[in-house]
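# dropping a prediction and its sequence here:
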Amino acid sequence: MREGPVVGAEDRPGDATPGPAPPATGKRRQGRTLAQQEARAGIALLSPTLIVVLFMVVLPILWTIVIAFQSLRLRNLRTRLFDFQFSLDNFQTVLGSSGFLSALKVTLIYSIVGTALSIGLGLIAALVVRKPFKGRTFVRASMLLPYVAPVVAVTFVWQIMLSPELGVVNAIGTDVLGWSEAIPFLEQRNGTLNLFGLSLGVPTALIVVILYQAWRYFPFSFLFILARLQALPGELDEAARVDGATPLQRFWRITLPQLQGVIALLTVLRFIWTFNEFDDIYLLTQGGAGTEVVSVRVFNYLTGRGDIGAAAALSLVLALLLVVLLFLYFRFFVGRVEGADSI
């Protein structure tokens, strides 16, 4: 006798046998598709930036490296551009030249002293306008003028101010301060400073370009430090004031430690930019009177001598020196730089 299926057998849990796994839902397939679409959209959005960086940054750097190892000049640019005959003659030329060590020394002095002065002036300016007072907005805005003004305009103003014949600085010096003669600040390599009966030799033109650099770029440090000062909690300063701490003690023990991060970050940025500085020095002195830095020397190799290979080699040396100096900085002061994340 043929038996039919038992009614309700499929409802018994003990008798039910596991079947095949259910197929993937449409939502899961749709989720993978959306993720792929988002990835393609991200690549599409990044592609213009990557292309610009590739053609404007990466390829010129690689081409500069190639040129640095070739004997390439302006007169043989068409015939020897793609010869690819590599040698170290350019590096021997630039490193063995008589003025290289002097230019490197001037570059280090200009970068270190200029960076310290610009950050110091920015710190002082930020502390001055930290507390509210009448006209503070106008003072803050006026402090940005050196940084936003065109470099050609402000350089021309400084040249007129320091001129021996027309400059207001020499006029005040000879008429008020009793100078015996006008000082050609931008043409004088070494001057004499009489201090407490002692005659000291000072590099006049180099001091002027360092002061110009510090004056022009202190607003950058001022903005960073002021933003950090505005974010500092006031409870610590109030507690120190209640405990009888002087303003100098409060600054040295409370404010300055909380600014170490931003100051370390500014030190890195300003040193990089100052080490590669060219336009300010060239517009002021054209690299004369003891103010020739390595970047000006690169320009002179390229335009004055027409030696493209030597200019490329010296630019690589400049970049390598900067990398070494920054490595030493991060090696010994990395703890301070980590605090810059609190900006």
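That came through fine.
# leaving out sequence neighbours, find the closest residue to D279.
V151 (5.8 Å; Cβ to Cβ, 6 or more residues apart in numbering). Glycine gets a C-beta too; all of them are placed from N, C-alpha and C.
# state the distance from the one you found to L206.
Separation of V151 from L206 (Cβ to Cβ, to the nearest Å) stands at 19 Å.
# higher neighbour count, the two?
Remark: of V151 and L206, L206 carries more neighbours, 22 against 12, as counted by other Cβ atoms under 10 Å.
# that one contacts L108, doesn't it?
No: applying Cβ atoms under 8 Å as the test, L206 and L108 come out as separate, 11.8 Å apart.
# and T155, what element?
helix 151-161 (DSSP states H and E).
# quick one: the following helix or strand past that helix to helix 151-161, angle?
Downstream of helix 151-161, the next assigned helix or strand under DSSP H and E is helix 168-175. Angle of helix 168-175 versus helix 151-161, following axes from the mean of the first three to the mean of the last three Cα atoms, to 10 degrees, is 10 degrees.
# next up, the contacts around E277.
Counting by Cβ atoms under 8 Å, 6 or more residues apart in numbering, E277 makes contact with 110-111, 114, 213, 293, 295.
# for T64, see how far away V208 is.
V208 is 32 Å from T64, where distance means Cβ to Cβ.
# between these two, which one's more packed in?
Neighbour tally, V208 and T64, criterion other Cβ under 10 Å: the higher count belongs to V208, 21 against 16.
# where does the more buried one land in three-state SS?
Under the three-state scheme (DSSP: H, G, I helix; E, B strand; the rest coil), V208 adopts helix.
# ok, it touching Q188?
No: with contacts counted by Cβ under 8 Å, V208 stays clear of Q188, the gap being 9.1 Å.
# and stretch 119-138, what's buried?
119, 121-123, 125-127, 129 (16 or more other Cβ atoms under 10 Å).
# isn't A182 up against P164?
Yes: assessed by Cβ under 8 Å, A182 is found in contact with P164 at 3.9 Å.
# what's the overlap in contacts for the two?
Listed contacts common to A182 and P164 are N170; contacts here mean Cβ under 8 Å, 6+ apart.
# where in the stretch 101-250 of the chain is pLDDT low?
Scanning the stretch 101-250 of the chain for pLDDT under 70 picks out 194-199.
# show me the helices in it, by range?
For the stretch 101-250 of the chain, applying DSSP state H, counting those that start in this stretch gives helices covering 136-143, 145-148, 151-161, 168-175, 204-231, 234-242, 247-250.
# need the winner for burial among the ones you listed.
helix 204-231 (a mean of 20; mean count of other Cβ atoms under 10 Å).
# report the angle between that one and helix 151-161.
130 degrees.
# chain center to helix 204-231: distance?
Per Cα atoms, centre = their mean, to the nearest Å, the displacement of helix 204-231 from the mean C-alpha position of its chain is 12 Å.
# and the angle from it to helix 136-143?
140 degrees.
# what helix or strand is the residue nearest to the spatial centre of the chain on?
Nearest to the geometric centre of the chain sits L269, at 3.2 Å (Cα atoms, centre = their mean). Of the helices and strands defined by DSSP H and E, L269 is found in helix 256-275.
# perfect, that will be all.
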